[in-house]
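In: Okay, sequence plus prediction incoming.
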Amino acid sequence: MGKISVDAFLREYGVAAKQKGTAMENFIKKHIVTEYIPYIEKDVVCTRIMYATCYADKDRRIIKFNTPTRQILFNMNLIDLYTDIEISFKDDETIKQYDKLMSSGAIYLLINAIPEAEHMEFSTLLDMKIDDLISNEYSLTAILYNLKESIGISSEVIGAAIEAITKEENNSND
């Protein structure tokens, strides 16, 4: 079975919303097409979300977090991966689709129909990637290393500074 557009889904959703009983629950369930996404695929998607929402430039030199966009991309990727609804990730089409799903209330039903363990694993993986980025780019050790690389401070001087900082960080953690 192929993917359907957000607009086609919402037309069907409108019809299901008018029906009684378990029609809506059954309607949402029929659009969940997978219960599990392989870990490597989750990793790739989370990396793309991180790059799209944590850098101000394409060279990934300037970090600038955009948490609201990260949340939208996270939810829209969940819908794209677990349902038969095709999400566009081009230009401003994603936000338009998000707004349509949000204003109809369908986004909550879809996200809640995705297996909780999958949702949690995706969320945890994205959080870990963001934490790693912060540690790798903003820790004092990372700043000193990047400074060394950019202005050519001798390895001995920077090495001694990193060693002293690491020792001090380890002592404060004890």
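Out: Yep, that arrived.

In: Near Leu109, how many other residues are there?
Out: 18 (other C-beta atoms under 10 Å). Backbone N, C-alpha and C define where each C-beta goes, glycine included.

In: Mind listing what's buried along the helix or strand where it lies?
Out: The secondary structure element spanning Leu109 is helix 106-113 (assigned by DSSP states H and E). Residues of helix 106-113 classed as buried: 106-107, 109-111, 113 (neighbour count, 16 or more other C-beta atoms under 10 Å).

In: Between helix 106-113 and the helix or strand following it, find me the angle.
Out: Once the chain leaves helix 106-113, the next helix or strand it forms, by DSSP H and E, is helix 116-138. Counting by axes from the mean of the first three to the mean of the last three C-alpha atoms, to 10 degrees, helix 116-138 points 100 degrees away from the direction of helix 106-113.

In: Helix 116-138: how far from the chain's middle?
Out: Distance of helix 116-138 from its chain centroid, counting by C-alpha atoms, centre = their mean, to the nearest Å, is 8 Å.

In: Contact partners for Ala142?
Out: If you count contacts by C-beta atoms under 8 Å, 6 or more residues apart in numbering, Ala142 has them with 135-136.

In: With Ile134 as the reference, measure out to it.
Out: 9 Å (C-beta to C-beta, to the nearest Å).

In: try Leu10
Out: Using C-beta to C-beta, we find Leu10 at a distance of 38 Å from Ile134.

In: sorry, back to before: among the buried residues of helix 106-113, pick out the one closest to Asp91, please.
Out: Comparing the buried residues of helix 106-113 against Asp91 with C-beta to C-beta places Ile107 closest, at 20.0 Å.
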